[in-house]
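Student: quick one, what's the 3D model for this:
(one chain, ligands or ions: 1)
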Amino acid sequence: MNNAIYNFAPPSNEPILEYKHNSQERTELEAELTRQSTMVIEIPLIIGGKEYRTSQTGTVRMPHNHTHILATYYKATEIEVQFAIESALKAHKIWSDLSWTVRASILLKSAELISGKYRAVMNAATMLGQSKNIYQSEIDAVCETIDFLKFNAYFASKIYEMQPRSTFNQLNKMEFRPLEGFVFTVSPFNFTSIASNLNMAPVMMGNTTVWKPATTSLLSNYYLMKIFQEAGLPDGVINFIPGSGALIGNTVLKSPDLAGIHFTGSNETFNHLWNEVSGNLSIYRSYPRLIGETGGKNFLFAHPSATAREVAVNAYRGAFEFQGQKCSAVSRMYVPKSLWPAVNKELISICSEAQVGDVMDPMNFINAVIDEASFNNCMNYIKYALEDGDAEIIAGGKGDKNVGYYVEPTIIVTKNPKFKSMVEEIFGPILTVYIYEDNKLEETIGICNETSPYGLTGAVFALDRIAASSMCEQLRYAAGNFYINDKPTGAIVGLQPFGGSRASGTNDKAGGEFNLIRWISPRTIKETFLPASEYRYGYMID
Ligand code: NAD
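Tutor: Sure thing, here's the model as predicted:
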C-alpha cells in the first residue's frame, strides 16, 4: 500500500479551438466528418466490457438529413438489463476498493484522449448525430467533457482531504465510501458532456453505473464509452445499454441494489422515476440518492438602462444557439417599451443574416432540431401563436421537415405575460417577448418570478448597476444560474457550477464538489487509545 498523499493541481479549462479555414483542426475534422458520414457503424450494448447484440435493433440518423443512417444499434431486453446490474455490482468490489488516484488517472487519461487523438471523432459524431455546428460541438463534446473529467478529479481530491479533528487520546477518520449498490444513469440527447459526466462523476467517487443513453445521441455516446475503455476503465464499471427508457427503467427500479439515479432530461421522466422509487422504497437496501437536472423556462430581463444591441445579440445567441435545445436557453424575454424599437430592429437584422442549414456548411449558424417529435412540437407552438390574438410572430415562423427537421428561429411578441409560450418549456428555437411599460418595472419583475414553475437560468441586462443588484435580489429563487449582462447559457465547469431548483431539478450543481458529495456515503471511524475501564461517572467516585 502506497501511503503517499497526492495533490492534483487546479486544472485550467480546455481551450476552444477556432477551426479557421485550412487550420489543422479544421482539416482533421472535415476528414472525420466525411469518414463518419460514409459508413454505417454497429452500436452494440457493452456490459461487463463485452459486446452484446440482441434481436431488436434501431437506427441512428442525421437530424439535418433524416434519411441518412449513421448507425444501427441494438436494444436491451430485460435479460441484458439484469446482466448490466449484475455486472455493475460485481465490478463495484474492485472499483470501490481501488485507490481514488487510480480512478482519477482514468478520468484524466480519458480527458487527454478527447483533447487529442479523439477530438475530431467526438466532434464529428456530435455534429452528425445531434446536429450541432462546429462551435456548438467543440464547446460541448470536447471542452466541457474534458473540463468535467479534469475538474472532477481535482474536486474529488479536495473532498478526500476533508478529515475531522482528532484529539490526544483518540483518532477520528472519515472514510468516503461509494454508495452501496449501483447507480442508474439516464442521459439526455442534447449534451455529450452531460452523458459523460452523469457516469464519470459517480464513477470518480468509486461507484459503478448502469447507463441508459438517449437514443438520439447514441453515436457520440458510443464513442465516449469506447474512449473510457481505452483509458483503462475496468470491465463493468460503466455498463452501456441503449434501448427503451420505459423497459430499462422498469427493470432497474425494481432492483434492491439501486443506490442512486443520476438523471438529466425532462420533468416528466424524472417525476416518473421519482414516483417509481417512492413506490418501491420498501425493497431497497438503502434510500436511493435521486439527483436530477430537468427543464427550464429561462428569462432575459432588460432594464430601461440596457443597451439594445447587447440585449438583442445575447437574446439571439441565448435563444437560438443549438436550435434552443439547451436546458439553459432563453425562451422568454421582458423588454421595456422605451427600448423595444431598437431591440426589435437589431433582432430582425440578426435574424435576416444568420443562416439555417446542414452542419456540413460551417456558415450555418442554426441547424436541425433533434427529431420529428421535436419538430412537430415546435410547429404546434408556432401554429398556436399564429392563431391567437394575443401574439404576433415578428421573425421566422416556418419549418420544413422534408430533408432535415428545420425550424426557423422564431420570435413571438405577446401582450399577455402568461401567454402559453411564455410559460411552457418548448425546447426549440422559439423566443417569446413581452413588452412592459417602463413605469411597471417592479410589477413585471414579480410576473417574471411567478410565470413558470422552473428555476434554472435567467439574465438581467442593465447599465444601472444598482438596478441590476436589486433585480438579482428580487429574482433570487427564479434561477439557480443567474447572469448580469450576459446570456444565461454557456456555463463553464469550475467557473459557474450548473443547476437550478423549483421544477428544474435537485440543484446539485454538476461539475463541482456539491455533486460529487452526493455519490459518497461517509463512514466515521473513531479509535480510542485508552478505552474506558470504569463504568461510574467521576463524581460517583470519592
Ligand atoms: P427525456 O426526459 O425525454 O429523456 C432523457 C432520458 O430519459 C433519455 O435517455 C430517455 O430515453 C430516458 N427515459 C425516458 N423515459 C424513461 C423511463 N421511463 N425510464 C428510464 N429512462 C427513461 O429528455 P430529453 O428530450 O433527452 O432532453 C431534454 C430535456 O432535458 C429538456 O427538458 C431539458 O430542459 C432537459 N435538460 C436539462 C438540463 C439541466 O441541467 N437542467 C440539461 C440538459 C437537458
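Student: going forward, measure contacts between C-alpha atoms and count neighbours the same way
Tutor: Noted.
Student: restricting to C-alpha, output stretch 415-432 in CSV.
Tutor: What follows is the C-alpha trace of stretch 415-432 in CSV, where atoms were taken according to Å, rounded to 0.1, in the frame of the first residue of the first chain:
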residue,chain,number,x,y,z
LYS,A,415,-49.4,41.2,-25.0
ASN,A,416,-50.1,38.5,-22.4
PRO,A,417,-47.2,37.9,-19.9
LYS,A,418,-48.8,34.5,-19.2
PHE,A,419,-49.1,33.5,-22.9
LYS,A,420,-48.7,29.7,-23.4
SER,A,421,-45.2,30.1,-24.9
MET,A,422,-44.1,32.4,-22.0
VAL,A,423,-44.9,29.7,-19.5
GLU,A,424,-44.2,26.2,-21.0
GLU,A,425,-40.8,24.8,-21.9
ILE,A,426,-40.7,24.3,-25.7
PHE,A,427,-37.1,23.1,-26.2
GLY,A,428,-36.7,24.5,-29.7
PRO,A,429,-35.8,27.8,-31.5
ILE,A,430,-38.8,29.9,-30.3
LEU,A,431,-38.4,33.1,-28.2
THR,A,432,-41.4,34.9,-26.8
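Student: nearest spatial neighbour of residue 530, chain-adjacent residues omitted?
Tutor: Counting by CA to CA, 6 or more residues apart in numbering, the nearest residue to residue 530 once its immediate chain neighbours are dropped is residue 169, at 6.7 Å.
Student: show me what contacts that neighbour?
Tutor: With CA atoms under 8 Å, 6 or more residues apart in numbering as the criterion, the residues that contact residue 169 are 528, 529, 530.
Student: need the residues of the stretch 201-350 of the chain near the ligand, please.
Tutor: For the stretch 201-350 of the chain, the contact set with the ligand under CA under 6 Å from any ligand atom comprises 212-214, 245-246, 249, 264-266, 269, 293-296, 327.
Student: tell me the buried residues within those residues.
Tutor: If you count burial by 16 or more other CA atoms under 10 Å, the buried members of those come out as 212-214, 249, 264-266, 269, 293-296, 327.
Student: which pair of the residues you listed spans the longest distance?
Tutor: Taking every pair in those and measuring CA to CA, the maximum separation is 23.5 Å, between 249 and 296.
Student: ok, back up a step: among the residues of the stretch 201-350 of the chain next to the ligand, name the ones in helices.
Tutor: Residues from those lying in helices, with DSSP state H as the criterion: 245, 246, 249, 269.
Student: got CSV for these, with distance to residue 507 and pLDDT too?
Tutor: Shown next, in CSV, are these (distance: CA to CA, whole Å; pLDDT from 0 to 100):
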residue, distance to residue 507, pLDDT
245, 23, 98
246, 25, 97
249, 22, 98
269, 17, 98
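Student: that older thread, for residue 69, state which of the buried ones among the residues of the stretch 201-350 of the chain next to the ligand is nearest.
Tutor: Comparing every one of these with residue 69 (CA to CA), the shortest separation belongs to residue 214, at 16.6 Å.
Student: report pLDDT for that closest one.
Tutor: Residue 214 is assigned a predicted lDDT (pLDDT) of 98.
Student: do the same with the one 5 residues further on
Tutor: pLDDT, the model's per-residue confidence, is 98 for residue 219.
Student: OK, contacts around it?
Tutor: For residue 219, the residues meeting the contact criterion (CA under 8 Å, 6+ apart) are 43, 60, 70, 71, 125, 126, 129.
Student: helix or strand: which one has the third one?
Tutor: So that's residue 70. Applying DSSP states H and E as the criterion places residue 70 in strand 65-74.
Student: name the helices or strands packed onto that strand?
Tutor: Packing partners of strand 65-74 (3 or more CA pairs under 8 Å, 6 or more residues apart in numbering; DSSP states H and E): strand 41-43, strand 57-62.
Student: what about residue 3, how many residues nearby?
Tutor: When neighbours are counted by other CA atoms under 10 Å, residue 3 registers 5.
Student: show me what from this structure comes close to the ligand.
Tutor: Applying CA under 6 Å from any ligand atom, one finds that the chain approaches the ligand through 186-189, 212-214, 245-246, 249, 264-266, 269, 293-296, 327, 499, 504.
Student: and the end-to-end length of stretch 502-515?
Tutor: 17 Å (CA to CA, to the nearest Å).
Student: give me the contacts around it.
Tutor: Counting by CA under 8 Å, 6+ apart, the neighbours of stretch 502-515 from elsewhere in the structure are 148, 151-152, 155-156, 159, 197, 201, 267, 291-296, 453-456, 477, 480, 493-494, 497-501.
Student: which among the residues you listed count as buried?
Tutor: Among the contacts of stretch 502-515, those buried by neighbour count (16+ other CA under 10 Å) are 148, 151-152, 155-156, 197, 201, 267, 291-296, 453-456, 477, 480, 493-494, 497-501.
Student: show me those residues that map onto helices.
Tutor: Taking DSSP H, the ones among the buried ones among the contacts of stretch 502-515 that sit in helices are 148, 151, 152, 155, 156, 197, 201, 267.
Student: verify the stated contact: the last one with residue 275.
Tutor: Just to be clear, that refers to residue 267. No - counting by CA atoms under 8 Å, residue 275 is not a contact partner of residue 267; they are 11.8 Å apart.
Student: just to revisit the earlier point, chain center to the strand holding residue 70, what's the gap?
Tutor: In terms of CA atoms, centre = their mean, to the nearest Å, the centre of strand 65-74 is set 24 Å apart from its chain centre.
Student: outside of it, which residues touch it?
Tutor: By CA under 8 Å, 6+ apart, the surrounding residues in contact with strand 65-74 are 36-37, 39-45, 52-62, 129, 219, 242-243, 358, 403-405.
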